[in-house]
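*Asks:* Test case, fold it:
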Amino acid sequence: MGFKKATKAQAKLRAAIFGPSGAGKTYTSMRVGKGLAGDGRMGVIDSERMTASKYSDRFDFDVLELDDTSVNGYIDAIQMAADEGFAVLIIDSLSHAWQQLLDEIDKLAKAKYRGNTWSAWSEGTPLQRKLIDAILRFPGHIIATMRSKTEWQTTNENGKSRPVRVGLAPEQGKGVEYEFDLLIEISTEHIANVIKDRTGKFQDKLIDKPGEDFGRELAKWLDDGVPAAKPPLKSGDVEDAASIMTKASKAIAKAKNAQDIEKLATGIKRRLAEGALTQDQAGVLHDQLQLQEQLMAEATQQETVDAA
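*Replies:* Next comes the predicted model:
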């Protein structure tokens, strides 16, 4: 332990965009994500009832329609995206996880804590922390949209009053803004107000319809610096590593073709690079892949013989 010269390391973006209905959160995320991704792939976790897919004629991306909007559902989806190797992941919307968690807290309070929601949060807070950790550990860039509470205000233009819909705080856990590098509030006029910006380049700026150029500028700043050190496997991650091994082994046993094998091999490689698996653990999984390939080849050969 000791002080050392500070250096800027390359990093992956953690951005949040929040605003009222009609502000253009999904579309803005797509545009910024496209600029961030460059030649990389973009994935979308969609809990907004196929909203993202409406833009499939304008952007190239893969989508996961998320039915399980519990915290664990989001965590599993983020891990799937990591295994797929997306350069940019858009989570649209993170607010559903919070809404489901609030429902879960209410049920826990009634079932176990005699209606005391304060006590029930002793189980809810660790779940929320797990979700944040999954976002922070994702190996690519993340843009998360969040709904905001909405109210109507009256403005006066040219002597005439008209109602205006404005967004308030994002619908997520208190203090969630601290977890993001970039926090953007977007209005129904599609003007982005950069509330928080760790790059220092866009703080407090108003950006009209931020898009691909904005994403490219962010990517340039994030790529500038020394390569980021890979975090070592921590003692607290042992259970997670064991869970990864179990899930991977089951997936390998279900592999049916070369595409399945290749996809699993890519996932193992990525998990090793993240530090979520040790070299020995990855080696065990690769041995299982080779064995499954052999079993598949033997099964194919037997089918050929039987057909003859």
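*Asks:* Show me where the stretch 101-250 of the chain has its strands.
*Replies:* Remark: strands assigned in the stretch 101-250 of the chain by DSSP state E, counting those that start in this stretch are 141-157, 160-170, 182-186, 191-197, 206-208.
*Asks:* What's the separation between the residue lying closest to Thr69 once chain neighbours are set aside and Pro126?
*Replies:* Of all residues not flanking Thr69 in the chain, His96 sits nearest, at 4.1 Å (CB to CB, 6 or more residues apart in numbering). No exception for glycine: its C-beta is placed from N, CA and C like everyone else's. Taking CB to CB, to the nearest Å as the criterion, His96 is separated from Pro126 by 19 Å.
*Asks:* Which one of these two is surrounded by more residues?
*Replies:* Taking other CB atoms under 10 Å, His96 and Pro126 do not tie; His96 has more neighbours (21 against 10).
*Asks:* Is that one part of a helix or strand, or is it coil?
*Replies:* helix (DSSP: H, G, I helix; E, B strand; the rest coil).
*Asks:* hang on, Ala120 packs against Asp103?
*Replies:* No: taking contacts as CB atoms under 8 Å, Ala120 lies outside contact range of Asp103: 11.3 Å.
*Asks:* related to what we said a few turns ago, by mean pLDDT, show me the worst of the strands of the stretch 101-250 of the chain.
*Replies:* Comparing mean pLDDT over the strands of the stretch 101-250 of the chain, the weakest stretch is strand 160-170, at a mean of 59.
*Asks:* if we can go back for a sec, compare Ala120 and Asp103 (neighbour count), which wins?
*Replies:* Counted by other CB under 10 Å, Ala120 and Asp103 do not tie: Ala120 has more neighbours, with 20 against 11.
*Asks:* so who does that one touch?
*Replies:* Ala120 is in contact with Ile105, Asp106, Leu108, Ala109, Lys112, Tyr113, counting by CB atoms under 8 Å, 6 or more residues apart in numbering.
*Asks:* mind redoing it with 6 Å?
*Replies:* By CB atoms under 6 Å, 6 or more residues apart in numbering, Ala120 lies in contact with Ile105, Leu108, Ala109, Tyr113.
*Asks:* the bottom helix or strand of this structure by mean pLDDT?
*Replies:* strand 160-170 (a mean of 59; mean pLDDT, DSSP states H and E).
*Asks:* hey, what's the closest residue to Ala15 other than its chain neighbours bridged with?
*Replies:* Excluding the flanking residues, the one nearest Ala15 by CB to CB, 6+ apart is Leu182, at 4.0 Å. On the basis of DSSP bridges, Leu182 is bridged to Ala15, Asp197.
*Asks:* Next, count neighbours for Leu182.
*Replies:* 20.
*Asks:* which intervals of the stretch 151-300 of the chain have sub-threshold pLDDT?
*Replies:* 151-159, 162-169, 174, 229-240 (pLDDT under 70).
*Asks:* For the stretch 1-150 of the chain, just list every one of the helices.
*Replies:* 25-37, 71-84, 95-112, 117-137 (DSSP state H, counting those that start in this stretch).
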